[in-house]
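S.K.: everything below, folded, please.
(2 chains)
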Amino acid sequence: MKLPTVLLALLFTTLPLGAAEKLRVSSFSTILTELAGQIGGERVTVTGHVKPGIDPHDFQPKPADLKIVASAQLILLSAKHMEGYVNKLQDGAGAKGVLLEVGANFASLKIADEHDPSRLVDDPHWWHSLTNMEKATKTVRDALSRISPEDKALFTANAAQYLERLDTLEKWSKKKLAELPRDRRQLVTSHEAFQYFCKENGFTLHAIEGVSRSDQPSSKKVAEIVRVIKEAGVKAIFPESLSNPKVLKEITRETGAKIGPELHGDGLGEGGASTFDGMYRHNVTAIVDALK
Amino acid sequence: MRGSPLLRALLAFGLLLLLALPIARLTRAPATAAPPPAPAERAPAGEIQLALTFTVQPTQLRVRHLGREIWATVPTGLDLEQTVSVPFPAEGVDLEFEAKFPAGAPLAALRVRLTDPTGGKHEQTCWGRGEIDEVLTFP
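M.R.: Numbers count the residues shown, from 1 in each chain, chains lettered A, B, ... in the order given. Sure, this is the predicted structure:
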């Protein structure tokens, strides 16, 4: 046997097929990008198409995104109408990988449609519920395990670690929220991203804008929010990292409420909010400290 | 136009002075910001009864409401009762229960039965090994 043939034979006997090749994952949510990276570990290469600080409601994939999607083995979407471009990924990119709409089967809260406010649609911001985050972790773990069964043990162990961190986060969150009386849990935010958070933690949500930041609030809506703030003695209202603070400033001038720290409604941010744990802790701390 | 330049300058200056007050009034910022909203009336403090049952006797128990300790004791048995005074709004209350158990103690359960100021009864259970540190919401 010639030397190159021997080397090739050695290579194939010592390196199982696919061991060097990582699983290619395309993610259209900053939250799912983190989940896939944490669960997949060294066995996946995750491309986050929606970057932190980008408004996912307005995001549209570019040709370069579609090219990456075409070769991805797993494509992760938030679902619940967040990705209006899902057909482009299937038809335009010719995606052959598994297209997983992670939040599709989670119980939905309803929200006014951004194009037709008289119509109610599923609220896409499911990750503000820690229960949903646990479900999402298991959904991504199972999808990765189906695509690469030989890595199932690694994915299961990584997911278990992530679930443990979510459990720690939930305990911390409950303690922090316990500092705020339940009759003071009125959350006034710039856009309607916190329904799941509010339902899980006993808040009533008053969103100034609709589901998208491009929605402009009517004067009737602003007057209603001013009334709520005055009646309930709400101490602070919260802008979001991508929102226009002009209307909020007007409301604070009229009510005397202060503008609280920016909340991260549409996904991960930067710095301390660049992980789910950091983002959630930031939001809870900001809300509790400003309202108590 | 006739007249000395100095006189004309003085006239213009006088005119500007006359206009200064109305212009200042017109361009002044609108009404000042409203004062901070008065906090809504809180539910008055009422007496609530707590009846606790442990499966393992703890060495220490602390109960907090809004971060403030409302009951701390060294239990002498598995059952404890205490009346505390806290506001109990319709939205409910969060109480934090912290119990420490002896080293090597098995998994322990704590059942909390709460009687609210109107006589309503509510019950919650939590578990822990070594310690229990849980926030329970009533009702």
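S.K.: ok, longest helix in chain A?
M.R.: In chain A, with assignment by DSSP state H, the single longest helix is helix A:152-177.
S.K.: and that helix, what does it pack against?
M.R.: Applying 3 or more CB pairs under 8 Å, 6 or more residues apart in numbering or on different chains; DSSP states H and E, one finds that helix A:152-177 contacts helix A:30-40, helix A:130-147, helix A:276-291, strand B:93-100, strand B:131-138. The way it works is simple: take the backbone N, C-alpha and C, and place the C-beta from them, glycine included.
S.K.: tell me the contacts of the spatially closest residue to residue A:185 that is not a sequence neighbour?
M.R.: In space, and not counting its chain neighbours, residue A:185 is closest to residue A:203: 4.2 Å by CB to CB, 6 or more residues apart in numbering or on different chains. The contact partners of residue A:203, by CB atoms under 8 Å, 6 or more residues apart in numbering or on different chains, come to A:185, A:186, A:187, A:194, A:197.
S.K.: try it again at 10 Å.
M.R.: A:177, A:180, A:182, A:184-187, A:194-195, A:197, A:287, A:291, B:91 (CB atoms under 10 Å, 6 or more residues apart in numbering or on different chains).
S.K.: between those, which is closest to residue A:152?
M.R.: For these, the closest approach to residue A:152 (CB to CB) belongs to residue A:197, at 32.4 Å.
S.K.: I'd say the closest one and residue A:279 touch.
M.R.: No: contact criterion CB atoms under 10 Å: residue A:197 and residue A:279 do not qualify, at 11.3 Å.
S.K.: who touches both of the two?
M.R.: With CB under 10 Å, 6+ apart as the test, residue A:197 and residue A:279 both reach A:127, A:128, A:263, A:265.
S.K.: you'd agree residue A:93 is up against residue A:49?
M.R.: No: here residue A:93 lies out of contact with residue A:49, judged by CB under 10 Å, at a distance of 11.0 Å.
S.K.: list the residues that contact both of these two?
M.R.: A:26, A:61, A:65, A:66, A:68, A:69, A:75.
S.K.: tally of neighbours for the first one?
M.R.: Read that as residue A:26. 30 (other CB atoms under 10 Å in any protein chain shown).
S.K.: how about the last one?
M.R.: The burial metric for residue A:75, expressed as a neighbour count using other CB under 10 Å, is 28.
S.K.: hmm, back to that, among the shared contacts of residue A:93 and residue A:49, name the ones in helices.
M.R.: Going by DSSP H, the helices hold A:65, A:66, A:68, A:69 from the shared contacts of residue A:93 and residue A:49.
S.K.: by neighbours, which of these wins?
M.R.: Ranking these using other CB under 10 Å puts residue A:69 first, with 25 neighbours.
S.K.: give the contact list for that one.
M.R.: Residue A:69 neighbours (CB under 10 Å, 6+ apart): A:24, A:26, A:28, A:47, A:49, A:61, A:75, A:88-90, A:92-97, A:99.
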